[in-house]
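> here are the coordinates; sequence isn't available:
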């Protein structure tokens, strides 16, 4: 099972990065002279994604100009919010442009080097509405914890606090387009709080543990860490 279509949520303002980054969408924060979004796109390309939908909001024209200049052969569409819709509203709007039954969703400010074929296979075989990629982490307080049972069904979401170890939601999902769009969801909502944390109790949602490279540039210290750890690879550049 291979999923070939992805939505990248790239409408964030990046207010917590203002001390380190100029007035840009968060996904456009420069990492070694390339926008962070470059690394997200290139990873998904190596995982078999051939069609992209970019969910844009703040300064959407900056992202569109970058894509047209730096990825001239990329097959993509844009879904532009006229006003903030929340992560759930952004997903809902972008999914209306999708063609495939199953679509990967990723965040434009997070790089998580998941095995997309593994995610897609478990998503397909389980008949899930949504399948989450879960990153094992130690000694953290920035994220909540996701618990799964012995069959990998989601059994709980726990609030942010200090944890010695746990699985966090890595922000990369496989979602069944029709099942999601059939839900009675509002125009504006949080994908995490209003969809995942509500619907896991009444829909089939699974977690796939993938202990792969993960970085979220939402705070200045991790933005600086990205500068040290991420290197631009021209092999996937087009």
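It's in. It should be emphasised that the depicted structure is a prediction, and the values quoted were computed from it without experimental measurement.
> chain center to the one helix or strand residue 65 maps to, what's the gap?
In the assignment (DSSP states H and E), residue 65 maps to helix 60-70. In terms of CA atoms, centre = their mean, to the nearest Å, the centre of helix 60-70 is set 19 Å apart from its chain centre.
> what does stretch 32-39 give?
Centroid separation between stretch 32-39 and its chain, computed with CA atoms, centre = their mean, is 16 Å.
> so which residues make contact with the helix holding residue 65?
Under the contact criterion CB atoms under 8 Å, 6 or more residues apart in numbering, helix 60-70 has outside partners 10-11, 24-25, 27-28, 35, 37-38, 54, 56, 74, 76, 78, 80-81, 237. For every residue, glycine as well, the C-beta is placed using N, CA and C.
> cool, stretch 39-51 as well?
For stretch 39-51, using CB under 8 Å, 6+ apart, the contacting residues are 2-6, 8, 27, 31, 52, 71, 74-76, 99-100, 104, 106-108, 110-111, 113-117, 230, 232-233, 236-237.
> now do the contacts for residue 5.
Residue 5 touches 49-53, 98-100, 103-104, counting by CB under 8 Å, 6+ apart.
> below-threshold pLDDT in this protein: ranges please.
Counting by pLDDT under 70, the chain contains low-confidence residues at 14-21, 232-238.
> which residue lies farthest from the center of it?
Farthest-out residue of the chain from its mean C-alpha position, per CA atoms, centre = their mean: residue 150, at 25.2 Å.
> and the helices in the chain?
Applying DSSP state H to the chain gives helices spanning 36-46, 60-70, 86-95, 116-126, 177-181, 197-199, 220-229.
> now residue 106. Nearest residue, chain neighbours left out?
Spatial nearest neighbour of residue 106, chain neighbours left out: residue 172 (4.9 Å); criterion: CB to CB, 6 or more residues apart in numbering.
> mind checking how far the one you found is from residue 208?
Shown here: residue 172 relative to residue 208, a distance of 9 Å by CB to CB, to the nearest Å.
> hey, what's in contact with both of those two?
Shared contacts of residue 172 and residue 208 (CB under 8 Å, 6+ apart): 114, 119, 132-133.
> list the buried residues of the longest strand along the chain.
Counting residues, the longest strand found in the chain (DSSP state E) is strand 163-176. For strand 163-176, burial by neighbour count (16 or more other CB atoms under 10 Å) applies to 163, 166-176.
> got those residues as CSV, with distance to residue 218 columns?
Below are those laid out as CSV (distance: CB to CB, whole Å):
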residue, distance to residue 218
163, 18
166, 19
167, 19
168, 13
169, 14
170, 13
171, 10
172, 15
173, 18
174, 23
175, 22
176, 28
